[in-house]
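Asks: next input, structure requested:
(chains A, B and C)
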Amino acid sequence: MAHFHADFPWLLALCAFPLLGALACLALRRSDAACRVAGLVVSLVVLGVCGWLFVLLGGPRGTGWLLHEDLAWIPRLGARLTLGLDGLSLVLVLLTACLVVVGVLVSWRREKRAVPLFYALLLTLESGILGVFLSLDLLLFYLFWEIMLIPMFFLIGIWGHERRVYAAVKFFLFTLAGSLLMLLAILGVYLAHGHQTGEYTFALAALQNTILPAGWAPWLYAAFLLAFAVKVPLVPLHTWLPDAHTEAPTAGSVILAGLLLKTGVYGLIRFGFPLFPGPARDSLPWLAALGLAGLFWGAWVAFRQQDAKRLVAYSSVSHMGLVVLGLAVATPIACEGSFLQMLNHGLSTGALFALVGMIAERAGTRRLDELGGLWARAPVLAGFFLFFALAAMGLPGLNNFAGEFLVLVGAFRAEPWLGALGAAGMVFAAAYMLRLMQGVLWGPPRSAEPWRDLSLREGLVLAPLAVLVLWLGTHPATFQDPFRELARVLAASLGGAGGAP
Amino acid sequence: MANLLYLLLLLPLVGGLVNALVGMRLSRRLSGGLAVAAVGAAAALCLWLYWLADGQGTRVSLLAWLESADLRVGFGLLFDRLSAPMALMVTAVSTLIHLYALGYMRAEADHARFFALLNLFVFAMLCIVLADNLALLFLGWEGVGFCSYGLIGYWYREPKNADAGKKAFLVTRVGDVFLAVALLWLFASLGTLDIDALNARAGALAPAALTGISLLLLGGAVGKSAQLPLMTWLPDAMAGPTPVSALIHAATMVTAGVYLLCRLFPLVSLSAAGLQAIALVGALTAFYGATCALRQREIKRVLAYSTMSQVGFMFLAVGVGAASGAMFHLLTHAFFKALLFMAAGCVIALAGHENDITRMGGLRRKSPLVFWSFLAGALCLAGVPLTGGFFSKDAILLAAFSRGDAFHWSVYGLGALTALLTALYTFRLVYLVFAGEARGGEHPAGHAGHDQPLPRVMRWTLPPLAALGLAGGLLNLPAGWPMAGLLDGWLGPLGGAEVRASHALELTLMGVATALVLVGWLLARRWYARFRPPAQGGLDRFLLRGWMADRAYAWLWVKPYLAVGWLLHRGVDERLIDGGLDGAARGIGRGGRLVAAWATGRLSSYLTALALGLGAMLAYFLVRQWAGG
Amino acid sequence: MIVPFAHVLVVSAVMFVLGLGAVLLRRNLILILIGVEIMLNGVGLALVGASALWQRADGQVLVVFLMALTAAEVAISLAMVVAMKRRKGSLDADVFRDLRG
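Replies: Sure thing, here's the model as predicted:
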């Protein structure tokens, strides 16, 4: 760490920088090209910093904070700018930086309306997501949580497809309903702690030790859980997801699926479980059941979709169900698998959304019965599509298998039925993914007009993702090492091998 | 040595990747040549390793793959007495088939995809064969599944072909789930996935767990090997190019299930119930496949059903405890079935791209080389004495019979009946294709390639395989012959229980087998030597469609699956959840409009309301004042 | 005090009610504004009276504030009235109904 200036508030700067970039975009609103470049530069700088942090701080790590910052903010309320980076947030922050760059690049020529505002919102969104993954102060967390919501609302509502307003409002209402309850719960914990100790603070570390009045904990936990479950999403709170994903512009879908869904699980791990350990333990069987239900539900419904984007959206429900299952069985292996799977799902589903966007751009349709014959028209694009679809299907050697396998191994150990049922999800995943491949890749081309194959910009988006997918599939340890210990501790705190209904 | 072992895997992998990434830019000659060179080098290397190993096993591990808590899985390879002959067979047969494919694909534009997938397939298959842990084996297992999918649907413009690929992938994946659960179970109870360690520690498992795991392994093997009840994908898989059928759906991938069971034989053999289930599945599938093959009309479908049936024999061998018998049949079958498929590819080309054997005939004169090669394969398949197929099949039946209880006798009976049927359908095939006069004139012979000569590389890959198939018996001659039991001796304890049978019994069973073949041949000669239009009875249709299995599964699985998906999507997601929420939103909207009527927009009414409200508040305070005071 | 406080209160109440009446019953925006002024001055009168009664400066201070505020308010509201007149060509309060639900 020779060149590492420990005094500099890196994390705060990381959160604030995209926001400054957003302001710059608004200032540059006379030139669309300048805004694109600004967006790209800002997101690349963030990626650079995150990558640099990963190189410096990656590797096997314990459970402590790798970076921790604590600055004054609103002294009268006891709210501070407390930010912390541990192994899990390190990986997720890196994922965020990656996918925002993807988002910027896939919208390059595609979004033509109100370009400055688009990039400003995209960068604001990045700020919000980074803040959510970094903040350790509940008020700050809530602030970032809502900052995430608003740009996404406009991204869907302004740049979306046909039913964009319906989808945006639905997304907004679902998320807000959950997060307002979470705000109430945050205030509940805050007041209870202040009442008890006389020190009013929003700091997670302090609130963790609050002894809540009898009967409060389950309700407060339920409020947190609801907010996070909407975001994950858990069945039956998932119906906003297909609409939002389908109607969002490509960049929106990539970020929504790749990052926003992760914030739900992350919130649960960072805030929900530590603040309310008792109710959290009691909720594990339900979470396992809902995770498993989501796994099959999402896959089953995905199979019935006619819209390629909607199919991928439902596949997210399925994948996230597995992530929740891994957490809920609370064995070290399964938790580690869940963490890894968050990263995996972000990459492969993000790439799939980007690909569906590229294909829809060429074909003018996303309907599986109108697509087809992609291989004959754009073999390189088709090859990438096949690759990422296989990754999402869980082909061993590609990324999703590594996470899924760990989750299933851990789940089987805790409760054989859960592991066996989870494994049966493989067939379901194959069913919808094969349908997607069938509809997009194979069959005769629908018309004779030639298509442009992958452009350089699209290649720059997809090739690094493909390398990452392969890397994660064959040597996940690089990304697993930072959070190994965290997974072990989390599993231990949730009650070790138990957790079966 | 260790590095060389890796090279064995890397050669086809690199070949496949190069073809996949830049193959489109290469010339056909270069891309095909690269693929052949990669596999050929692997075969040569494998042979060299064979000498280097000198009967000793060797294992290497390179890279950590999946690690978490006590889970340790790496890319480790095991080159032992079981995997060595298998690897040799896979690479050798692959090389010949790659060569054949050079000729077969001579007119295809999209050659790079074909050779890339074919090479990757060899890589994945070698992963299965050489893996030292079950996770890596699973990687190969899924990998061959994917390559098979891609190659069956190679001519993807025809939706029928892509559908066949999809079906193959899905059905085998059902089996894969069982294998995956077996993996999870093994790790949960033994704490390792290392194959040697699993075999060594299997005794520590509870009997119920052993049976459960054995059945799950059987489930996995059944999917990949197209055994009952997951057999329906194999006949449809013939939609792929012929080299693919020869390599994947005859010689290598479909025997992966057998190999898996042999690999874990020390574990599986501890469960008597598991073994019986394996034997039963094998015998029933052998019979099923043979009956279906009797009435097929497409040459490749006949061979597909016969593959299913022969793999059933191998399962039967494992089930009666003769793993070496299974491996023996696996090897000879790989030779002669690859030969039959490749010859069938030549036949189809010679007949002007005609698949239907009832429209062939008289091909013997067109290409004697193809005829004699095909005949050699057919003799092996039918089990004509002294061919490779005869000895390997006989060893299995002997092992079954000599176990000496009612179950095994009935299994033997089924096997013997199947042997009769096998001879019958094999000679039916030979007569219909080669004997008599050409019947191709019945349909408009508009195919252009009618008189194109076969590429030399296609024809001349046949004789080596014919030689291997015919002489395959030498690998493991029965006791009492010179050089007897080579494979048994080589495999040693890996080969399962030694078959104890008297010499007299052995000779008797051989006599029975010979008689069955003879009967089969005579029946076939009587019915098919002179062509008659095929019968169209109910039974014929039933057999032609594989006992209506597809239709039954459509009713049993596909339709319920679609219905539940529809229910969850339209019913629950859209109607119940979204409908309920949209209804609530509409209700709130209606309430809002009701309240909105108050907002007239007239300043005077607002001010009046303001004044009235103020007055009311004042009045309230006054009343309280007086009441309180 | 020369004038009894009760009289002051009565006069201020009368002013207030008169102003309120003007605000409620008139439809011309300028007359409504004049009504508001009368109401404010009624209140101011009561404050001054109370200040004289108790010999405390608070009431006078408030009235001074009130006057300053009123001046500011009138400046803005008259400007708005002019703008509204330009926009709709009328000063009838009921013409401006954009807030109707």
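
Asks: can you tell me how far A:Glu336 is from chain B?
Replies: In this view, A:Glu336 and chain B are 5 Å apart by Cβ to the nearest Cβ, to the nearest Å. The C-beta positions use only the backbone N, C-alpha and C, and glycine is treated the same way.

Asks: tell me the first helix or strand C-terminal of the host helix or strand of that residue.
Replies: Assigning secondary structure by DSSP states H and E places A:Glu336 in helix A:332-363. Going down the chain from helix A:332-363, the next helix or strand is helix A:374-377, by DSSP H and E.

Asks: what does that next one contact?
Replies: Here helix A:374-377 makes contact (Cβ atoms under 8 Å, 6 or more residues apart in numbering or on different chains) with A:359, A:381-382, A:385, A:440-442, A:444-445, A:450-451, B:156-157.

Asks: just put these in a markdown table and tack on distance to B:Leu470, neighbour count and pLDDT.
Replies: Shown next, in a markdown table, are the contacts of helix A:374-377 (distance: Cβ to Cβ, whole Å; neighbours: other Cβ atoms under 10 Å in any protein chain shown; pLDDT from 0 to 100):
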| residue | distance to B:Leu470 | neighbour count | pLDDT |
| --- | --- | --- | --- |
| A:Ile359 | 52 | 24 | 89 |
| A:Leu381 | 49 | 25 | 90 |
| A:Ala382 | 44 | 24 | 89 |
| A:Phe385 | 46 | 25 | 92 |
| A:Val440 | 47 | 26 | 88 |
| A:Leu441 | 43 | 24 | 87 |
| A:Trp442 | 40 | 24 | 86 |
| A:Pro444 | 44 | 12 | 84 |
| A:Pro445 | 47 | 17 | 82 |
| A:Pro450 | 52 | 9 | 75 |
| A:Trp451 | 52 | 15 | 82 |
| B:Tyr156 | 38 | 24 | 87 |
| B:Arg157 | 40 | 15 | 85 |
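
Asks: pretty sure B:Glu354 contacts B:Leu363?
Replies: No. With contact defined as Cβ atoms under 8 Å, B:Glu354 does not count as touching B:Leu363 (10.1 Å).

Asks: could you check the helix holding A:Glu336 and say which residues are buried?
Replies: Neighbour-count burial for helix A:332-363, counted by 16 or more other Cβ atoms under 10 Å in any protein chain shown, picks out A:332-360, A:362-363.

Asks: before we move on, what about stretch B:192-208?
Replies: Across stretch B:192-208, burial judged by 16+ other Cβ under 10 Å covers B:192-195, B:198-199, B:201-202, B:205.

Asks: which one of those residues is nearest to chain A?
Replies: Nearest to chain A among the buried residues of stretch B:192-208 is B:Leu193, at 9.3 Å by Cβ to the nearest Cβ.

Asks: is it true that that closest one touches B:Leu134?
Replies: Yes. B:Leu193 lies in contact with B:Leu134 (Cβ under 8 Å); the separation is 4.5 Å.

Asks: now do the shared contacts for those two.
Replies: Common contacts of B:Leu193 and B:Leu134 (Cβ under 8 Å, 6+ apart): B:183, B:186.

Asks: tell me the mean pLDDT for the host helix or strand of A:Ala411?
Replies: Here A:Ala411 sits within helix A:399-414, counting by DSSP H and E. Computed over helix A:399-414, the mean pLDDT rounds to 91.

Asks: return the list of helices and strands in contact with that helix.
Replies: helix A:308-329, helix A:332-363, helix A:379-393, helix A:416-440, helix A:456-474, strand B:58-68, helix B:159-190 (3 or more Cβ pairs under 8 Å, 6 or more residues apart in numbering or on different chains; DSSP states H and E).

Asks: and these, which is most packed in?
Replies: Ranked by average neighbour count under the criterion mean count of other Cβ atoms under 10 Å in any protein chain shown, the helices and strands packed on helix A:399-414 are headed by helix A:308-329 at a mean of 28.

Asks: can I get the CA coordinates of that one in PDB?
Replies: Output of helix A:308-329 as PDB, limited to C-alpha atoms (Å, rounded to 0.1, in the frame of the first residue of the first chain):
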ATOM      1  CA  ALA A 308     -37.000 -12.100 -25.000                       C
ATOM      2  CA  LYS A 309     -36.400  -9.300 -22.500                       C
ATOM      3  CA  ARG A 310     -39.200 -10.400 -20.300                       C
ATOM      4  CA  LEU A 311     -37.900 -13.900 -20.300                       C
ATOM      5  CA  VAL A 312     -34.500 -12.800 -19.100                       C
ATOM      6  CA  ALA A 313     -36.200 -10.600 -16.500                       C
ATOM      7  CA  TYR A 314     -38.100 -13.600 -15.100                       C
ATOM      8  CA  SER A 315     -34.900 -15.600 -15.100                       C
ATOM      9  CA  SER A 316     -33.600 -13.000 -12.700                       C
ATOM     10  CA  VAL A 317     -36.400 -13.900 -10.300                       C
ATOM     11  CA  SER A 318     -35.300 -17.400 -10.500                       C
ATOM     12  CA  HIS A 319     -31.600 -16.700 -10.000                       C
ATOM     13  CA  MET A 320     -32.200 -14.400  -7.100                       C
ATOM     14  CA  GLY A 321     -34.400 -17.100  -5.500                       C
ATOM     15  CA  LEU A 322     -31.300 -19.300  -5.400                       C
ATOM     16  CA  VAL A 323     -29.300 -16.500  -3.800                       C
ATOM     17  CA  VAL A 324     -31.800 -16.100  -1.100                       C
ATOM     18  CA  LEU A 325     -32.000 -19.800  -0.600                       C
ATOM     19  CA  GLY A 326     -28.200 -19.900  -0.100                       C
ATOM     20  CA  LEU A 327     -28.400 -17.200   2.600                       C
ATOM     21  CA  ALA A 328     -31.400 -18.800   4.300                       C
ATOM     22  CA  VAL A 329     -29.800 -22.200   4.800                       C
END
